[in-house]
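Novice: I need the structure of the sequence given here:
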Amino acid sequence: MATNSIKLLTGNSHGQLAKLMSDRLGIELAKVMVLQYSNNESSISIGESVRDEDVFIIQSTEPGNINDHIMELLILINACRTASARRITAVLPNFPYARQDKKDKSRAPITAKLMANMLQTAGCNHVITMDLHASQIQGFFNVPVDNLYAEPSTLRWIRENLNVKDCVIVSPDAGGAKRATSIADGLDLGFALIHKERARPNEVSRMVLVGDVRGRIAIIVDDMADTCGTLVKAAEVVMEHGAKEAIAIVTHGILSGNACQKLNESKLKKLVVTNTVPHEEKKKLCDRIETIDISPTLAEACRRTHNGESVSFLFKHAPLD
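Specialist: Here you go, the predicted structure:
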């Protein structure tokens, strides 16, 4: 593996994931100093040369500091661009503002498009992300975007930890039906759907189950768990309809606000999340949270990108640990 011209950089958002990726690739993280002045401006200095290097900048989102981490990422990209890096790839395990991807009411901004514009203006040549909220966001960019999937790692976790024949896959809303049916097909399982009616954003008023979960382990799959309101209500619905137990598997465990308290009081036996978003502190508050390590997939995508190999293999296969 030719790794002499790869440089891995990271900001303050998710050092643990960056370290796992660097260990996987056998490369040290580049020396970067990220500070905040007393007026909250970000100050960044890169401590080694990136001239003519293939640079990968790993930056996720952490609830409470998302905007600071976006600025860190943009400054890092721009610093590498002005330092004559050959190619700059932004590795965004969880793409920020992905839910603001359309104009759903008058005068609403399409902030995901603004994110794309800012990344390109800063000097980004390529983006690697995972489970975009809407895959059409790739069309906001004029540079290549590799949208990886957590599905292969999810399928592996289900096969290793559950009795597959006893399970049924449940989508908590119509929007996630495609994701849920793909997982159900991969495991040759049945599929159920919950139709939800929202009174206002982030608040679910009524849920109706379509499909049979009686006597089964209901696996509720979604792309992100933010306030966990949807997952908690979905667990109640499947348990009311005779499910043996309810387990939720999501890609991005954002877990903002009082999500951990909701989980502790819910009928969910487990919430399984990947480590695209840092959640170690949340695990101390809720022992139902389990982690799927997604760093091998992201690291392999970086290696394949650097070596000019196909990344599409990773859409259906999880690298071996």
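
Novice: so what are the domain limits for this structure?
Specialist: 6-149+295-315, 151-292 (automatic domain parsing).

Novice: the ones you listed: lowest mean pLDDT?
Specialist: Here the domains of the chain differ in mean pLDDT, and the lowest is domain 151-292 at a mean of 92.

Novice: now that domain, how far from the chain's geometric center?
Specialist: How far domain 151-292 lies from its chain's middle: 15 Å, per CA atoms, centre = their mean, to the nearest Å.

Novice: with stretch 20-31 instead?
Specialist: With CA atoms, centre = their mean, you get 20 Å for stretch 20-31.

Novice: related to what we said a few turns ago, can I get the domains of the chain in a markdown table with mean neighbour count?
Specialist: In short, each C-beta sits where N, CA and C put it, glycine included. As requested, these are exported to a markdown table (neighbours: other CB atoms under 10 Å):
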| stretch | mean neighbour count |
| --- | --- |
| domain 6-149+295-315 | 18 |
| domain 151-292 | 18 |
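
Novice: all helices for the stretch 1-150 of the chain, in order.
Specialist: For the stretch 1-150 of the chain, helices defined by DSSP state H, counting those that start in this stretch occupy the ranges 15-25, 66-82, 111-122.

Novice: so which of the ones you listed gets nearest residue 103?
Specialist: helix 111-122 (9.9 Å; CB to CB).

Novice: relative to helix 66-82, how tilted is that closest one?
Specialist: Relative orientation of helix 111-122 and helix 66-82, computed by axes from the mean of the first three to the mean of the last three CA atoms, to 10 degrees: 30 degrees.

Novice: and helix 111-122, what does it pack onto?
Specialist: With contacts defined as 3 or more CB pairs under 8 Å, 6 or more residues apart in numbering; DSSP states H and E, helix 111-122 has these neighbours: helix 66-82.

Novice: now the helices of the stretch 1-150 of the chain as JSON lines including distance to residue 262?
Specialist: Formatted as JSON lines, the helices of the stretch 1-150 of the chain follow (distance: least, CB to CB, whole Å):
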{"stretch": "helix 15-25", "distance to residue 262": "25"}
{"stretch": "helix 66-82", "distance to residue 262": "21"}
{"stretch": "helix 111-122", "distance to residue 262": "26"}
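
Novice: out of the ones you listed, which is closest to residue 182?
Specialist: Comparison of these against residue 182 by CB to CB identifies helix 111-122 as nearest, at 22.6 Å.

Novice: so how far is that closest one off the chain centroid?
Specialist: Centre-to-centre, helix 111-122 and its host chain are 18 Å apart (CA atoms, centre = their mean).

Novice: oh, and call the first residue 37 from now on, that's how I've got it
Specialist: Noted, 37 is the first residue going forward, which turns the last one into helix 147-158.

Novice: need the contact partners of that helix.
Specialist: Residues outside helix 147-158 that contact it (CB atoms under 8 Å, 6 or more residues apart in numbering): 106, 109-111, 113-114, 117, 126, 131-137, 163, 170, 173, 176-179.

Novice: try stretch 203-212
Specialist: Counting by CB under 8 Å, 6+ apart, 194, 213, 215-217, 219-220, 223, 225-232, 247-249, 252-259, 266-267, 270, 274, 279 sit against stretch 203-212.

Novice: could you measure residue 102 against residue 156, distance?
Specialist: Residue 102 is 19 Å from residue 156, where distance means CB to CB, to the nearest Å.

Novice: swap that for residue 180, sorry
Specialist: Residue 180 is 11 Å from residue 156, by CB to CB.

Novice: ok, now residue 192?
Specialist: 35 Å.

Novice: from residue 163, how far out is residue 183?
Specialist: 9 Å.

Novice: typo on my end, residue 261
Specialist: Residue 261 sits 23 Å away from residue 163, going by CB to CB.

Novice: again, but for residue 205
Specialist: Distance from residue 205 to residue 163, by CB to CB: 29 Å.

Novice: could you do residue 269 as well?
Specialist: Residue 269 is 33 Å from residue 163, by CB to CB.

Novice: what about the strands in the stretch 187-336 of the chain?
Specialist: Counting by DSSP state E, counting those that start in this stretch, the stretch 187-336 of the chain has strands at residues 203-207, 227-236, 239-246, 253-261, 281-289, 304-310, 325-328.

Novice: contacts only, for the nearest residue to residue 262 once chain neighbours are set aside.
Specialist: Nearest residue to residue 262 in three dimensions, chain neighbours excluded: residue 290, at 4.6 Å (CB to CB, 6 or more residues apart in numbering). By CB under 8 Å, 6+ apart, residue 290 lies in contact with 97, 99, 130, 260, 261, 262, 313.

Novice: from residue 313, how far off is residue 290?
Specialist: 6 Å.
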